[in-house]
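J.: Give me coordinates for this.
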Amino acid sequence: MLRRLKNQRAERDTMHDGTLLAAVDLGSNSFRLEIGRFEHGLIRRIEYLKETVRQGSGLDGERNLTPEAMQRGWDCLARFAERLKGFPADRVRAVATQTLREARNRDAFLQQGSAILGHPIEVVSGPEEARLIYQGVAHLLPQSDERRLVVDIGGRSTELILGHAFCADAVASFRVGSVAWSNRYFADGAFTAESFRTAEIAAKAVLDEALNTYRPQAWDVAYGSSGTAGAVGEMLAAAGGTPGLITRDGLDWLQEQLLRARSADKVRLEGLKEDRRAVIGGGISVLRAVFDLLEIRTMQVAQGALRQGVLYDLLDRELPADDVRSSTVRGLMERFQVDAQHAGRVARTAALLHAQLHPVAQPGAPDHGDRELVWAAQLHEIGCIVSHGDHHHHGAYILEHTDAAGFSVSELHHLSLLVQGHRGKVRKLEANLDNPRLARELACLRMAVALCHARRDPDLEGIALACEGHRFVARARPGWAAAFPQSAHLLREEGVAWQRTSWEFAAELP
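T.: Prediction:
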């Protein structure tokens with residue numbers, strides 16, 4: 001394992017030192033911007049910005065973000081955008097977590113927020129958030145074979161991860177967090193023994209299913225990541241405790257201090273930052289529940305967190321061999337018994353067609369533009385394990401509802417649209433076809449499926465696909481249609497399949 005990790009770092013060393021990368025973390029309590037410089041296989045922080053936005057407190061009873069909460073977020077993103085001006089698109093990644101997973105009106109916030117930031121904002125699933133958190137923690141720890149438990153208590157969710165080295169072996173996300181629990185059990189800011197008892201019982205009820213996987217026998221060292229663990233560690237250190245260490249006795253002492261203060265606004269503890277004051281009650285109650293449930297004696301405060309994980313994941317995406325999404329696709333193919341040989345055939349054909357529509361700008365430069373198309377082609381028959389006749393619908397459903405490491409919610413949705421649209425009438429996706437990229441990839445995938453219908457390598461000599469405005473044109477060399485009449489028939493039928501959409505498909509086959 002360690003040898004493989006050293007090889008990965010050696011590959012990174014061949015990349016350009018000095019490259020700047022940026023991660024934007026849209027958390028439930030705070031928005032953060034981390035800028036790092038790639039140097040000798042590692043990313044070193046050069047700037048860190050944090051603003052307390054408290055979007056998690058801005059969800060109304062119908063789980064909609066209030067106008068005030070959205071505006072707070074947009075104002076913060078505008079300030080981040082000023083710092084990110086001039087960053088290339090592939091050097092910035094913005095991810096949103098639990099609050100925007102929950103918000104019913106998230107699309108309105110994301111559309112405006114992405115425009116303000118100048119970069120797309122991706123909502124990641126709970127398990128994907130957990131995986132990224134582990135990557136951030138692991139990359140800032142010494143290399144070791146220890147078995148790790150990582151606990152990240154965020155504003156509206158808590159992530160638990162088991163892992164070793166850079167590998168997350170088990171990930172889970174639970175809807176319990178410092179903001180949510182503070183609003184629910186300490187809404188008036190009052191601290192009572194009963195409110196703490198009730199909050200801890202409620203947290204254990206949510207986290208109870210973690211017992212089987214995250215039992216004490218499964219890990220050697222426990223690490224606490226992000227806001228709550230960091231705040232608790234700072235307060236305990238300021239009171240004379242070991243820096244970076246959280247103990248059960250320390251948590252008992254902290255709760256006693258809060259009970260003596262009686263309310264959040266009266267707490268006077270060195271190390272407690274003002275932006276953490278309003279949510280410290282909920283955070284401590286959840287952390288105490290985790291300690292009790294998983295029988296944790298001591299926890300080390302980790303330096304890494306979600307934003308560092310996003311930076312390293314961004315770096316890995318530069319190397320296709322290291323892109324965890326490719327491994328995830330291979331795992332899904334195996335799990336759902338996809339015909340790998342045929343999937344590869346369709347993927348290669350689709351990529352060749354896509355290269356004709358979207359050539360690489362610089363010879364020899366890596367082209368990441370068709371990666372999602374290749375993944376969709378590899379997974380286009382994933383639904384056959386359910387039903388062959390409607391496998392495109394089943395495949396789309398699987399992709400929309402699976403936990404796929406490395407993929408954001410929007411990326412999985414994009415793949416599901418391609419899988420759903422690779423056969424049958426295209427008009428079922430009409431609402432999404434205003435996206436030219438989706439339309440181009442869909443045309444390539446459908447044409448590749450048609451050309452590979454016999455489940456053998458097609459004769460592609462002289463085959464071309466062009467896009468003229470909103471019109472796709474498939475062309476072939478003279479005599480090809482006569483030599484492959486079924487393939488020619490399927491390409492001509494594409495013209496009918498694209499009817500009643502804003503796009504046309506024509507087959508010019510002499």
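J.: C-terminal to the helix or strand Cys76 falls within, what's the next element?
T.: Taking DSSP states H and E as the definition, one finds Cys76 inside helix 67-84. Per DSSP H and E, the first helix or strand lying C-terminal to helix 67-84 is strand 92-96.
J.: thinking again about what came up before, tell me the helices and strands packed up against the helix holding Cys76.
T.: Contacts defined by 3 or more C-beta pairs under 8 Å, 6 or more residues apart in numbering; DSSP states H and E place helix 67-84 against strand 20-26, strand 30-39, strand 42-52, helix 106-117. C-beta here means a position set from N, CA and C on the backbone, and glycine is covered the same way.
J.: Let's see that with 7 Å instead.
T.: When contacts are defined as 3 or more C-beta pairs under 7 Å, 6 or more residues apart in numbering; DSSP states H and E, helix 67-84 packs onto strand 30-39, strand 42-52, helix 106-117.
J.: now Ser285, nearest residue through space, not along the chain?
T.: Ala199 (3.7 Å; C-beta to C-beta, 6 or more residues apart in numbering).
J.: Now do the SS call for Leu149.
T.: Following DSSP: H, G, I helix; E, B strand; the rest coil, we place Leu149 in the strand state.
J.: nearest to Ala405, of the helices and strands packed on helix 67-84?
T.: strand 42-52 (20.2 Å; C-beta to C-beta).
J.: distance between that closest one and the chain's centre?
T.: 19 Å (C-alpha atoms, centre = their mean, to the nearest Å).
J.: Buried by neighbour count: which residues of it qualify?
T.: By neighbour count on 16 or more other C-beta atoms under 10 Å, the buried set for strand 42-52 is Ile43, Lys50, Glu51, Thr52.
J.: Partner strands of it and their direction?
T.: The strands beside strand 42-52 in its sheet (DSSP bridges) come out as strand 30-39 (antiparallel).
J.: which other residues reach the strand it pairs with?
T.: 15, 17-25, 43-53, 73, 76, 80, 83, 227, 307-308, 311, 315 (C-beta atoms under 7 Å, 6 or more residues apart in numbering).
J.: returning to that earlier point: what would the helices and strands packed on helix 67-84 look like in a markdown table with distance to Leu353 and mean pLDDT?
T.: As requested, those are exported to a markdown table (distance: least, C-beta to C-beta, whole Å; pLDDT from 0 to 100):
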| stretch | distance to Leu353 | mean pLDDT |
| --- | --- | --- |
| strand 30-39 | 34 | 95 |
| strand 42-52 | 36 | 94 |
| helix 106-117 | 29 | 97 |
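J.: Would you mind putting these into TSV with distance to Thr298 alongside?
T.: Formatted as TSV, the helices and strands packed on helix 67-84 follow (distance: least, C-beta to C-beta, whole Å):
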stretch	distance to Thr298
strand 30-39	26
strand 42-52	27
helix 106-117	38
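J.: Tell me which of the ones you listed sits nearest to Gln300.
T.: Proximity to Gln300 (C-beta to C-beta) singles out strand 42-52 among the helices and strands packed on helix 67-84, at 19.8 Å.
J.: can I have the closest one written out in PDB, keeping just the CAs?
T.: C-alpha atoms of strand 42-52 as PDB (Å, rounded to 0.1, in the frame of the first residue of the first chain):
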ATOM      1  CA  LEU A  42       1.900  18.100  -2.000                       C
ATOM      2  CA  ILE A  43      -0.500  21.000  -1.700                       C
ATOM      3  CA  ARG A  44       0.700  23.800   0.700                       C
ATOM      4  CA  ARG A  45      -1.800  26.400   1.900                       C
ATOM      5  CA  ILE A  46      -1.200  30.000   0.800                       C
ATOM      6  CA  GLU A  47      -4.500  31.500   1.800                       C
ATOM      7  CA  TYR A  48      -7.600  30.600   3.800                       C
ATOM      8  CA  LEU A  49     -10.800  32.600   4.100                       C
ATOM      9  CA  LYS A  50     -13.800  31.700   6.300                       C
ATOM     10  CA  GLU A  51     -17.100  33.400   6.800                       C
ATOM     11  CA  THR A  52     -19.900  32.400   9.200                       C
END
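J.: and the protein, what are its domains?
T.: Per automatic domain parsing, the domain ranges recorded for the chain read 2-123, 141-302, 323-508.
J.: which stretches of this protein have low pLDDT?
T.: The chain contains residues with pLDDT under 70 at 1-15, 320-321, 359-369.
J.: would you list every one of the strands in it?
T.: 20-26, 30-39, 42-52, 92-96, 121-123, 147-153, 158-164, 167-174, 221-225, 245-247, 298-301, 464-468, 471-475, 504-508 (DSSP state E).
J.: Would you mind giving those as a markdown table with distance to Asp339 added?
T.: A markdown table is the format used below for those (distance: least, C-beta to C-beta, whole Å):
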| stretch | distance to Asp339 |
| --- | --- |
| strand 20-26 | 38 |
| strand 30-39 | 39 |
| strand 42-52 | 39 |
| strand 92-96 | 33 |
| strand 121-123 | 31 |
| strand 147-153 | 37 |
| strand 158-164 | 33 |
| strand 167-174 | 29 |
| strand 221-225 | 41 |
| strand 245-247 | 51 |
| strand 298-301 | 47 |
| strand 464-468 | 24 |
| strand 471-475 | 25 |
| strand 504-508 | 26 |
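J.: Mind checking those for the one nearest to His489?
T.: So among the strands of the chain, strand 504-508 is nearest, using C-beta to C-beta, at 9.4 Å.
J.: Other residues contacting that closest one?
T.: Strand 504-508 has contacts (C-beta under 7 Å, 6+ apart) with Ala443, His470, Arg471, Phe472, Val473, Ala474, Arg475, Leu491, Arg492, Glu494, Gly495, Trp498.
J.: I'd like these laid out as JSON lines, including neighbour count and distance to Leu251.
T.: Listed next are these as JSON lines, based on neighbours: other C-beta atoms under 10 Å; distance: C-beta to C-beta, whole Å:
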{"residue": "Ala443", "neighbour count": "25", "distance to Leu251": "58"}
{"residue": "His470", "neighbour count": "13", "distance to Leu251": "62"}
{"residue": "Arg471", "neighbour count": "12", "distance to Leu251": "66"}
{"residue": "Phe472", "neighbour count": "26", "distance to Leu251": "62"}
{"residue": "Val473", "neighbour count": "15", "distance to Leu251": "68"}
{"residue": "Ala474", "neighbour count": "23", "distance to Leu251": "66"}
{"residue": "Arg475", "neighbour count": "16", "distance to Leu251": "70"}
{"residue": "Leu491", "neighbour count": "25", "distance to Leu251": "67"}
{"residue": "Arg492", "neighbour count": "17", "distance to Leu251": "71"}
{"residue": "Glu494", "neighbour count": "19", "distance to Leu251": "64"}
{"residue": "Gly495", "neighbour count": "14", "distance to Leu251": "68"}
{"residue": "Trp498", "neighbour count": "24", "distance to Leu251": "62"}
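J.: and of those, the nearest to Ile161?
T.: Using C-beta to C-beta, the contacts of strand 504-508 come closest to Ile161 at Ala443, 40.2 Å.
J.: residues contacting the closest residue to that closest one other than its chain neighbours?
T.: Computed as C-beta to C-beta, 6+ apart, the closest residue to Ala443 that is not its neighbour in sequence is Phe472, at 4.7 Å. By C-beta under 7 Å, 6+ apart, the residues touching Phe472 are Ala443, Leu465, Trp503, Glu504, Phe505.
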